[in-house]
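Undergrad: I'll drop the sequence and a predicted model, then ask my questions.
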Amino acid sequence: MGSGHHFLLSQPTGPLSAFIQAIWSASVEQSETLIKPLLADAGSGIVFNFVGDVAIGDDVLPQGVIMLPVKKRAENFVLPSGAQLAGIRFYPAIGYGVLGHHYERPTLLAPQDDQLYHLYQIFSDLRMTNHHEERLQALRLWADQHLDVTNVIPDSLEKALDTIEDVETLERISENTPLSQRQIERNFKRWLGMTPKHYQRILRVKKAICFLRENNNHDLANIAQQFGFSDQAHMTREFRAIARMTPGQV
C-alpha cells in the first residue's frame with residue numbers, strides 16, 4: 001500500500017476458501033509506473049483489466065478479461081499510472097479444475113469463449129465502480145454463484161498435493177495415495193501443467209523466501225540445509241531460476 005496506489009485483498013471464507021487464495025482490487029493514482037513482483041506459487045488466476053495496458057513480464061495485457069497461466073517463475077506486474085484492475089487467484093490445480101483449460105501465457109478471453117462463467121458480465125459490473133470493497137463484494141458474490149467447488153480436483157490428487165510438501169520422492173507420495181508414480185506424474189501434468197519435481201522446487205523456494213523475509217539475519221548455508229537444498233550454491237541457483245532473485249535480495 002502506498003500514497004499513490006491502492007491494493008485491497010480479501011481471503012474468501014466458507015467453501016471457497018479451500019479453492020481461492022485471494023480476491024483483490026487495485027488502482028494506481030501516482031504518475032509513475034508501479035512495478036509489483038509476483039512470486040512463483042504454481043497457482044493461476046483471472047485479471048479484470050479496466051483501464052489502460054498493464055504487463056506481466058514481457059506480455060502486455062489490454063483491457064478485458066485476462067486468463068493467467070500457472071505461475072512457474074516469478075514475474076513483474078507492471079501497472080501504469082491510472083491503472084484500474086481486479087482479480088481472483090486460485091490455489092494450485094484449482095484453476096484447471098474450475099476452467100478446464102491451461103493457458104501458456106496471459107491471454108485475453110474472447111467474448112465468444114465466455115459462455116460458461118459470464119466473466120464479461122462481472123467485468124462490466126466491476127467497471128461501474130471505483131470502490132475496491134464494492135469490487136471485492138461483487139467478485140465474492142459472482143464466485144459463490146458461478147464456481148462449482150464440489151469435486152474440483154480428484155481426491156487422490158488433493159492427497160498428493162498435501163503429501164508432496166513433506167516428502168522428497170514420488171515413491172513416498174505413492175505410499176500415501178492410491179496412485180502409482182506414473183499416475184501421479186500424469187495428474188500433475190494435467191492439473192498443474194508441471195511435473196511433481198518442479199512443483200516441489202517451487203514450494204521449497206517459496207518457503208525459503210517466506211522464512212528469509214521474517215528472519216533475514218540467519219546464515220544462508222544453514223537456511224539452505226533447513227529447506228532441503230543440497231548447499232547454499234544450489235539454493236542460489238534455484239532462487240535465480242524460480243524467483244529471479246538471489247537469497248540475499250529477499
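TA: Thanks, I have the structure now. The shown structure was predicted, so the numbers you read here are calculated from the model rather than taken from an experiment.
Undergrad: residues in contact with the lengthiest helix in the chain?
TA: In the chain, assigned by DSSP state H, the helix with the most residues is helix 196-214. Outside helix 196-214, the residues that touch it by Cβ atoms under 8 Å, 6 or more residues apart in numbering are 39-42, 72, 92, 160, 164-165, 168, 170, 173, 184-185, 188, 192, 218, 223-224, 226-229, 235, 238-239, 241-243, 247, 250. C-betas here are computed from N, CA, C, even on glycine.
Undergrad: So which residues of the chain form helices?
TA: Using DSSP H, helices in the chain cover 94-99, 119-127, 132-146, 155-164, 170-175, 181-191, 196-214, 220-226, 232-238.
Undergrad: Compute the inter-axis angle for the second one and helix 132-146.
TA: Angle, helix 119-127 to helix 132-146, by axes from the mean of the first three to the mean of the last three Cα atoms, to 10 degrees: 160 degrees.
Undergrad: who's in contact with helix 119-127?
TA: Against helix 119-127 from outside (Cβ under 8 Å, 6+ apart): 46, 48, 50, 64-65, 86, 109, 111, 114, 135, 138-139, 142.
Undergrad: Please check the contacts of helix 196-214 and keep the buried ones.
TA: 39-42, 72, 92, 160, 164, 170, 173, 184, 188, 192, 223-224, 227, 229, 235, 238-239, 242-243, 247 (16 or more other Cβ atoms under 10 Å).
Undergrad: Quick check: the residue of the chain most remote from its centre vs residue 238, distance?
TA: The C-alpha centroid of the chain is most remote from residue 219, which lies 29.1 Å away (Cα atoms, centre = their mean). Distance of residue 219 to residue 238, computed by Cβ to Cβ, to the nearest Å: 18 Å.
Undergrad: again, but for residue 55
TA: Using Cβ to Cβ, residue 55 is found at 26 Å from residue 238.
Undergrad: circling back to that earlier point, okay, the helices of the chain, which one's buried deepest?
TA: The highest average neighbour count among the helices of the chain, using mean count of other Cβ atoms under 10 Å, belongs to helix 94-99 at a mean of 22.
Undergrad: quick one, what contacts the residue most central in space within the chain?
TA: Nearest to the geometric centre of the chain sits residue 43, at 3.4 Å (Cα atoms, centre = their mean). By Cβ under 8 Å, 6+ apart, the contact list for residue 43 reads 21, 70-71, 89-92, 94-95.
Undergrad: Export these as JSON lines, with columns for pLDDT and distance to residue 156.
TA: Formatted as JSON lines, these follow (pLDDT from 0 to 100; distance: Cβ to Cβ, whole Å):
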{"residue": "21", "pLDDT": "94", "distance to residue 156": "22"}
{"residue": "70", "pLDDT": "96", "distance to residue 156": "20"}
{"residue": "71", "pLDDT": "93", "distance to residue 156": "24"}
{"residue": "89", "pLDDT": "96", "distance to residue 156": "24"}
{"residue": "90", "pLDDT": "95", "distance to residue 156": "19"}
{"residue": "91", "pLDDT": "94", "distance to residue 156": "17"}
{"residue": "92", "pLDDT": "95", "distance to residue 156": "15"}
{"residue": "94", "pLDDT": "94", "distance to residue 156": "16"}
{"residue": "95", "pLDDT": "93", "distance to residue 156": "19"}
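Undergrad: Tell me, how many residues neighbour residue 26?
TA: 22 (other Cβ atoms under 10 Å).
Undergrad: could you measure it against residue 138, distance?
TA: 15 Å.
Undergrad: now swap in residue 70 and tell me
TA: 26 Å.
Undergrad: Per the annotation, how does the protein divide into domains?
TA: Listed by automatic domain parsing, the domain ranges of the chain are 5-146, 155-249.
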